[in-house]
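Novice: How does the following fold in three dimensions:
(chains A and B)
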Amino acid sequence: DAGVTQSPTHLIKTRGQHVTLRCSPISGHKSVSWYQQVLGQGPQFIFQYYEKEERGRGNFPDRFSARQFPNYSSELNVNALLLGDSALYLCASSFKGEETQYFGPGTRLLVL
Amino acid sequence: AQSVTQPDIHITVSEGASLELRCNYSYGATPYLFWYVQSPGQGLQLLLKYFSGDTLVQGIKGFEAEFKRSQSSFNLRKPSVHWSDAAEYFCAVGANFGNEKLTFGTGTRLTIIP
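Specialist: Below you'll find the model as predicted:
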């Protein structure tokens, strides 16, 4: 079975631009979570979605938003990019969100 | 609020030697505990997890971890490391109800020397 997939793998943007990152969960998983990993640190929780509803939100500004589609795939949107948004963005899926989360390879975003 | 401390930023071990990576957590109830490994430029791979029951859990690649409630610890061990074990290791804690998020430590970078 395929694992969690994310696209694109790498992305370069400039300050002020908008970015959309995409995630497809493991087949059968209904929950998707997003994490931001800044270089040299552990991942920080951004959002969790389950059955298309937001289930949790981390301490991130309103420039960050997400949604989940009927097929359980998800998008993370970041508006008005800042240099500090440069990071590896990880998507994780689980069956209901209450068990083990399985991570994708991530999207590496560089903001110039 | 839950938190995780990994006191060792970087550990160097000789190939074939034993390994122990430390993890201390803070959480008001019995937590869900995880160890993940991350190779350079890669995502996170689950090594093992503790939800309940036996406090010594076995994982993939020969790793094990022991949950000690009295010490709020969940240390990762391997009896004999291989060069391929060189990576970043993250300990994480999740709530044991409605696991809305995982809280990660800052990671321990493992270097293996011949």
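
Novice: isn't A:Trp34 right up against A:Glu54?
Specialist: No. Contact criterion CB atoms under 8 Å: A:Trp34 and A:Glu54 do not qualify, at 10.9 Å. For every residue, glycine as well, the C-beta is placed using N, CA and C.

Novice: Which one of the two is surrounded by more residues?
Specialist: A:Trp34 (24 against 14; other CB atoms under 10 Å in any protein chain shown).

Novice: part of a strand, is the more buried one?
Specialist: Yes. When DSSP: H, G, I helix; E, B strand; the rest coil is applied, A:Trp34 is found to be in a strand.

Novice: Give me the nearest residue to it, chain neighbours excluded.
Specialist: Leaving aside its sequence neighbours, A:Trp34 sits nearest to A:Ile46 (CB to CB, 6 or more residues apart in numbering or on different chains; 4.3 Å).

Novice: do stretch B:62-71 and chain A meet at all?
Specialist: No. Between stretch B:62-71 and chain A, judged by CB under 8 Å from any CB of the partner chain, nothing touches; the nearest distance is 14.3 Å.

Novice: can you tell me the average pLDDT over that stretch?
Specialist: Across stretch B:62-71, the average pLDDT comes to 95.

Novice: Let me see the residues that make contact with that stretch.
Specialist: With contacts defined as CB atoms under 8 Å, 6 or more residues apart in numbering or on different chains, stretch B:62-71 is touched by B:24, B:30, B:33, B:35, B:47-48, B:50, B:55-59, B:73-80.
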